[in-house]
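Novice: have a look at this prediction, sequence included:
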Amino acid sequence: MAEIQATARSGPRLGRRLMLVGAGSTVALAAGMVVLALVTVRHVDAAIRTQAITDATHTAEFISRHLVRVLSAQARPDLAAAGGKWLEPLLQETVDGDFRIGYAMVLSPGSEVLAHSDPRRDHQPLPRSVVQAITAPVGTRPWQAEIDNPFHPGRVLDCSAPIMLGATVLGSVHVGIRLERLEQQRVQTERLVPAILGITGVTALLILGAALLVSWVAVENARRATQRLLRQQHRAEVGNLASGLVHEVRNPLNAMRMQLAVIRNRVGGGGGDRDRQIVTTTLEQLEGEVLRLQGLASAFLAYGRPASDVVETFEVRPVLQEITAFLEPEFEQAGMRVMLDADGNTEGLAVHMDRGKFRQVLLNLAANAREAMEQGGHLTIGLSRVGGHILVRIADTGVGIPADKLEHVFDLFYTTKAAGSGLGLAIVKQIVEDAGGKIVVASDVGAGTRFDILLPLAPGRRLWK
């Protein structure tokens, strides 16, 4: 019973877990967007400033390396003459190519302006406070300093790189970043943050959708793989069925051959009334064996190639009432009782499956119960609801099944009856599982056996008269 209840609760639990996962993903995405917005706004200014310093420093180092190559080729290095005609255009291009840069210049070791992006500033003296601020300490390279712009109103961030030939410092290259331009860039960037966050959110949703799609594909592939395995298992079971059927058929056929030999001898030798009686008895035995083979073949076909389902939604309780009424005369004649145990809460409970196969399951289990109660007893057919499932219980007060045999009752060709085929309960299990249900058995030797059938309720329906 506990196993059945756990199975009944597994569906709703899985649904709740999926809802929690979906809600958790949505909350996590929303929280991530908020955090991303706060982090983006908070660090935009620092990111813009850091990137500007990096770009300006790389530009200063680039110009410095060019000057060093030119100076290396001179017999007597002269920084004032090293730039020639190409240095000032390069400094002008540096300023024109980046709106953040206010100036680019080359200073001598004495802080004299040797070349400037604005040629009018060449050889212009710099204020002492500016010289002190932009002069890098000994051994420091590169260097940045925030100063008042010595050439235009406003503040700049001066980024410099030394010009060194060996261990000798011949001068320095300076690139000034206008801080008001960085502020303009920051304002423009912050205006783009909502759009960036929107794009990020859409991207996150697309990634989530892609992840769900990948998960669905994985589940679908697993389902197909499972179907392939089931088909392979079915073919293996059919092979086992065929082997078992051959074994079961061979013995009665051998008996039939021996009986036919007896008939042939008796008929061929003439004989009297006694011989005719033997022939009649032998023919009856042959007929019994043939009927047994027919029943076995029918059971084999029912399991190996079941009939197509005629699926419908029907109320369970009326079917159980019909089955109980049908069984009562037969059971009463054998000294047994049949009773239906279903309370008012079971009215309208419906399942979606083949009605005829549902009846077949009940009749098969009832037949087994009757054979187990040769000394009398009673059979109870119960109906109740367990979560989103119905529970049909077939319980008898027969001899019971030993524990070592109980686990094999649903195995193919396993039977404890002298004339049993070992297919009946295997077919019952197949029908129940094909309908999305489950069947379990419990038994106490000397007290009886109970079969519990758990079937899902018809989706979204409870039928009422």
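Specialist: Now that the structure is in, tell me what you want to look at. Numbering: from 1, shown residues only.
Novice: quick one: the helices in the stretch 201-350 of the chain?
Specialist: Using DSSP state H, counting those that start in this stretch, the helices of the stretch 201-350 of the chain run over residues 273-304, 316-333.
Novice: which one of the ones you listed has the lowest average pLDDT?
Specialist: Looking at the helices of the stretch 201-350 of the chain, the lowest mean pLDDT belongs to helix 273-304 (a mean of 64).
Novice: so which elements touch the helix or strand Asn364 falls within?
Specialist: Here Asn364 is covered by helix 355-372, with elements defined by DSSP states H and E. With contacts defined as 3 or more CB pairs under 8 Å, 6 or more residues apart in numbering; DSSP states H and E, the packing partners of helix 355-372 are helix 316-333, strand 377-386, strand 389-395, helix 424-434, strand 448-456. In this view, the C-beta of every residue, glycine as well, is placed from N, C-alpha and C.
Novice: which parts of the second one are buried?
Specialist: For strand 377-386, burial by neighbour count (16 or more other CB atoms under 10 Å) applies to 377-383, 386.
Novice: give the full set of residues in contact with Gly400.
Specialist: The contact partners of Gly400, by CB atoms under 8 Å, 6 or more residues apart in numbering, come to 372, 443-449.
Novice: can I get those in JSON lines including distance to Ala145, neighbour count and pLDDT?
Specialist: Shown next, in JSON lines, are the contacts of Gly400 (distance: CB to CB, whole Å; neighbours: other CB atoms under 10 Å; pLDDT from 0 to 100):
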{"residue": "Ala372", "distance to Ala145": "100", "neighbour count": "21", "pLDDT": "87"}
{"residue": "Ser443", "distance to Ala145": "93", "neighbour count": "22", "pLDDT": "89"}
{"residue": "Asp444", "distance to Ala145": "94", "neighbour count": "11", "pLDDT": "88"}
{"residue": "Val445", "distance to Ala145": "97", "neighbour count": "12", "pLDDT": "88"}
{"residue": "Gly446", "distance to Ala145": "100", "neighbour count": "9", "pLDDT": "86"}
{"residue": "Ala447", "distance to Ala145": "97", "neighbour count": "12", "pLDDT": "88"}
{"residue": "Gly448", "distance to Ala145": "97", "neighbour count": "22", "pLDDT": "91"}
{"residue": "Thr449", "distance to Ala145": "94", "neighbour count": "24", "pLDDT": "92"}
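Novice: among these, which two are most distant?
Specialist: Ala372 and Asp444 (12.1 Å; CB to CB).
Novice: the closest residue to Phe358 other than its chain neighbours and Phe326, how far apart?
Specialist: The shortest distance from Phe358 to any non-neighbouring residue, by CB to CB, 6 or more residues apart in numbering, is to Val319 (6.5 Å). Using CB to CB, to the nearest Å, we find Val319 at a distance of 11 Å from Phe326.
Novice: between the two, point out the one with more neighbours.
Specialist: When neighbours are counted by other CB atoms under 10 Å, Val319 and Phe326 differ, and Val319 comes out ahead with 17 against 14.
Novice: report the contact partners of the more buried one.
Specialist: By CB under 8 Å, 6+ apart, the neighbours of Val319 are 355, 358-359, 362.
Novice: of those, just say which sits nearest to Leu179.
Specialist: Phe358 (83.7 Å).
Novice: count the neighbours of the closest one for me.
Specialist: 22.
Novice: in contact with it, which residues are there?
Specialist: Counted by CB under 8 Å, 6+ apart, Phe358 has contacts 319, 351, 431, 435.
Novice: I figured the third one hits Leu363, correct?
Specialist: Think Ile431. No - with contact defined as CB atoms under 8 Å, Ile431 does not reach Leu363; the gap is 11.6 Å.
Novice: who has more neighbours out of those two?
Specialist: Set Ile431 next to Leu363 and count neighbours by other CB under 10 Å: Ile431 wins out with 24 against 14.
Novice: list the buried residues in stretch 94-107.
Specialist: Those would be 94-95, 98, 100-107, for stretch 94-107 by 16+ other CB under 10 Å.
Novice: residues making contact with that stretch?
Specialist: So stretch 94-107 is in contact with 52, 55-56, 59-60, 63, 67, 79, 83, 87, 91-92, 113-118, 121, 126, 149, 151-152, 154, 156, 163, 171-178, 181-182, 185, going by CB under 8 Å, 6+ apart.
Novice: buried subset of those residues, written for ChimeraX?
Specialist: Remark: buried members of those, expressed as a ChimeraX selection using 16+ other CB under 10 Å:
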select :52,55,56,59,60,63,67,79,83,87,91,113,114,115,116,117,118,126,149,151,156,163,171,172,173,174,175,176,177,178,181,182,185
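Novice: which of the contacts of stretch 94-107 fall in helices?
Specialist: In this view, the contacts of stretch 94-107 that belong to helices under DSSP state H are 52, 55-56, 59-60, 63, 67, 79, 87, 91-92, 181-182, 185.
Novice: neighbours around Ile453, how many?
Specialist: Neighbour tally, Ile453, other CB under 10 Å: 24.
Novice: spatially nearest residue to it (excluding sequence neighbours)?
Specialist: Using CB to CB, 6+ apart, the closest residue to Ile453 is Val392 (4.4 Å).
Novice: quick check: beta-bridge partners of that neighbour?
Specialist: The bridge-partner assignment for Val392, based on DSSP bridges, gives Leu383, Ile453.
Novice: touching, it and Ile439? I think so.
Specialist: No - with contacts counted by CB under 8 Å, Val392 stays clear of Ile439, the gap being 9.3 Å.
Novice: please identify which of these two sits among more neighbours.
Specialist: Using other CB under 10 Å, the more surrounded residue of Val392 and Ile439 is Val392, with 25 against 22.
Novice: for Pro318, see how far away the more buried one is.
Specialist: The value you get for Val392 to Pro318, if CB to CB is used, is 13 Å.
Novice: same question for Asp396.
Specialist: 23 Å.
Novice: part of a helix, is Ile439?
Specialist: No - assignment of Ile439 by DSSP: H, G, I helix; E, B strand; the rest coil gives strand, placing it outside any helix.
Novice: and it, what is it in contact with?
Specialist: Contacts of Ile439 (CB under 8 Å, 6+ apart): 410, 428-429, 432-433, 451-454.
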